[in-house]
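**Student:** okay, structure incoming, though there's no sequence with it:
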């Protein structure tokens, strides 16, 4: 991955994390909140592979931990694993499949909800399992699935843009 | 003529005529090294995250990691504020729409809650009234006017007549409680009726206001005797067959006559209040006096009653 592409990935992750913390976290629908950062990094992972996915997940999660003054590394761990898994899925069976974004969002949202609850429980934080795993999970899942394709399309359009070196300046007709 | 394109050139480079070669298929060693690199990166990230969690969790709030977190958060704060300000109108619009839907659903919820509370209020009032009635019944049972040879089986009224023509009720006490056919039914206000049918857990009671009811009664003050029957209208009662020689005054208390002779006893114990005389009169051609009685019993609103059960078995009438 080129430096320019890395910068685009970093920009996407930063903007998504910022929007997630400041805007989307407050827009709850039926108790659920869309995780735009997760959607963005899953899209990046599908498009650019497991290593980029894991790194984007780690730094995006760390950014969220910093901005929300949460335990450092908690979201980073979850998102890096989610990014890695989505990247591996994209590299193997999910490549070029139209349902890949929806499937990764579906699996990752549920897995992160349960793993996140487990981690918070291990850290001794009191959480309502009913609320975290049942009441809010379904609306969150529906919202995330609804936004999965638009976010994926945005990320693809940003990442698949040809770089300056590859831009067409001359066209030679064949024949 | 088109130029031939070598196999190891990409389609784009072929079109553009660029001398870029397609990368050759990776050998196995390269693929395994890529997998190793991938795993190393993931392992490092996971280890780093775990280390951060551990350090952040164990460290005090004024530790270096928290300081660094605070510093970065402070640095990002202007950006957050800016984004928040830009997003505020949209968020307000969303909140307004959401509140609108929320208000509608809340309105329905409050209506349902209101109905529930109204039902509870009605139930409470009903329970209060029942409590007052039961207390009165208790006082009556413990009082001197309660027939001494009888036990009072307290019973709730569980069914009322389906039509105005039937003056009968069903009470929640039956043969298993000792209730028998023809047993007298009373309240603290007076005589109510007699049992006409008994099952193990319930009994049907014919009210005094029924057209087929007749109770031999006496004026408590003057001992003028007669038979209390149903009057011409509604719940009115008449003391019938009172001789013109006998004296009855308005306001006199009428009670059940009752009798006991040669080991036999009447169906009703004596001395149970039936009502008070509200009118005395009659034409000179009438054989009997016209005596109207007003009962204190609120027949349409009966909730609980006493069924009188004799303490000693009553001898059967021949």
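**Tutor:** That came through, no problem. Owing to the predicted nature of the structure, the values given are computational and were not obtained by experimental measurement.
**Student:** quick check: which element contains residue 144?
**Tutor:** Defaulting to chain A. In this structure, residue A:144 sits in helix A:137-159 according to DSSP states H and E.
**Student:** right idea, wrong chain: chain B
**Tutor:** For residue B:144, there is no helix or strand it lies in under DSSP H and E.
**Student:** buried residues of the helix holding residue A:144, list them for me.
**Tutor:** Buried positions in helix A:137-159, judged by neighbour count with 16 or more other CB atoms under 10 Å in any protein chain shown: A:137, A:139-141, A:143-145, A:147-148, A:151-152, A:155, A:158-159. The C-beta positions use only the backbone N, C-alpha and C, and glycine is treated the same way.
**Student:** quick check: residue A:70 touching residue A:64?
**Tutor:** Yes: the criterion here is CB atoms under 8 Å, and residue A:70 meets it with residue A:64 at 7.3 Å.
**Student:** residues near the residue in the stretch 1-150 of chain B that chain A sits nearest to, how many?
**Tutor:** In the stretch 1-150 of chain B, the residue that lies nearest chain A is residue B:52 (2.9 Å; CB to the nearest CB). Neighbour count for residue B:52, taken as other CB atoms under 10 Å in any protein chain shown: 21.
**Student:** what's near enough to touch it?
**Tutor:** A:62, A:72, A:73, A:76, B:65 (CB atoms under 8 Å, 6 or more residues apart in numbering or on different chains).
**Student:** burial of the first one, as a residue count?
**Tutor:** To tie it back to what came earlier, the one meant is residue A:62. Neighbour count for residue A:62, taken as other CB under 10 Å: 25.
**Student:** helices along chain A, start to end?
**Tutor:** Along chain A, counting by DSSP state H, helices occupy A:3-22, A:36-48, A:50-67, A:74-91, A:100-122, A:129-130, A:137-159.
**Student:** any low-confidence regions in the chain?
**Tutor:** Picking chain A for this. Across chain A, the ranges flagged by pLDDT under 70 are A:95, A:127, A:161-175.
**Student:** not what I meant, chain B
**Tutor:** Checking chain B against pLDDT under 70 turns up B:1-33, B:161-166, B:233-234, B:260-265, B:313-318.
**Student:** beyond the longest helix anywhere in it, next helix or strand please.
**Tutor:** If you go by DSSP H, chain B has its longest helix at helix B:64-142. Of the helices and strands lying after helix B:64-142 in sequence (DSSP H and E), the nearest is strand B:150-159.
**Student:** other SSEs contacting that following strand?
**Tutor:** For strand B:150-159, the elements it packs on are helix B:64-142, strand B:168-171, strand B:304-310, judged by 3 or more CB pairs under 8 Å, 6 or more residues apart in numbering or on different chains; DSSP states H and E.
**Student:** now with 7 Å?
**Tutor:** Here strand B:150-159 touches strand B:168-171, strand B:304-310, going by 3 or more CB pairs under 7 Å, 6 or more residues apart in numbering or on different chains; DSSP states H and E.
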